[in-house]
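In: any chance you could fold what I've pasted below:
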Amino acid sequence: MNESWTATVITCSNRAAAGVYEDTGGPVIVEALTELGFEVTGPVVVPDGQPVADAIRAALDAGARAVLTTGGTGLTPTDLTPEVTRPFLDREVPGIAEAIRAHGSAQGVPTAALSRGLAGVAGKALVVNLPGSKGGVKDGLAVVVPLLRHAVQQIVGSDH
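Out: Numbers count the residues shown, from 1 in each chain. Purely as a prediction, here's the structure:
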């Protein structure tokens with residue numbers, strides 16, 4: 001596997017990190033990225049807030065070309081994934097996050113509009129925040145999977 005095709009999956013959840021329930025979204029993302037040909041680390045399960053930032057930093061420092069998070073994008077006081085993601089982004093790619101919300105809404109999930117997830121370029125990586133529910137993850141992947149390899153190639157200036 002070419003080193004340039006590495007990815008990290010981060011599950012952002014106080015309850016999953018504490019063992020209250022099993023992470024179900026992270027493994028779905030790992031499977032999808034593996035099928036795309038990425039060498040995947042994770043899912044790394046961390047509590048909301050600063051631990052998410054620490055996990056994103058570790059993934060970027062390790063050379064991940066794609067970092068996908070799940071969880072922490074809603075409206076509760078502990079949902080801070082967009083806030084801790086934004087400082088890493090050199091450039092936001094709002095179309096990805098907008099498309100994820102639109103796809104969820106089109107699937108008959110009106111609460112998809114409440115997701116505050118971001119997407120953007122951090123160094124040589126694409127970082128995407130997906131919702132925390134398993135359904136939200138699947139809706140997000142329906143948008144991200146078809147464009148991920150192309151986006152990662154573009155980030156480093158590959159011809160398209």
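
In: residue boundaries of the helices in this structure?
Out: Counting by DSSP state H, the chain has helices at residues 14-17, 25-35, 50-61, 81-85, 94-106, 134-155.

In: how about those, which one is nearest Gly123?
Out: helix 50-61 (6.0 Å; C-beta to C-beta). Quick note: C-beta positions are derived from backbone N, CA and C, even for glycine.

In: most packed of the helices of the chain?
Out: Across the helices of the chain, the average number of neighbours (mean count of other C-beta atoms under 10 Å) peaks for helix 81-85, which reaches a mean of 22.

In: show me what that helix is packed up against.
Out: With contacts defined as 3 or more C-beta pairs under 8 Å, 6 or more residues apart in numbering; DSSP states H and E, the packing partners of helix 81-85 are helix 50-61, strand 125-130.

In: CA atoms only for the longest one, dumped as PDB, please.
Out: Provided in PDB are the C-alpha atoms of helix 50-61 (Å, rounded to 0.1, in the frame of the first residue of the first chain):
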ATOM      1  CA  GLN A  50      -9.900  18.500  23.400                       C
ATOM      2  CA  PRO A  51      -9.300  14.700  23.000                       C
ATOM      3  CA  VAL A  52     -10.800  15.000  19.500                       C
ATOM      4  CA  ALA A  53      -8.300  17.800  18.700                       C
ATOM      5  CA  ASP A  54      -5.500  15.600  20.000                       C
ATOM      6  CA  ALA A  55      -6.600  12.700  17.900                       C
ATOM      7  CA  ILE A  56      -6.800  14.900  14.700                       C
ATOM      8  CA  ARG A  57      -3.300  16.300  15.500                       C
ATOM      9  CA  ALA A  58      -1.900  12.800  16.000                       C
ATOM     10  CA  ALA A  59      -3.500  11.600  12.700                       C
ATOM     11  CA  LEU A  60      -2.100  14.600  10.700                       C
ATOM     12  CA  ASP A  61       1.300  14.200  12.400                       C
END
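
In: before I go, just wanted to say thanks for your time.
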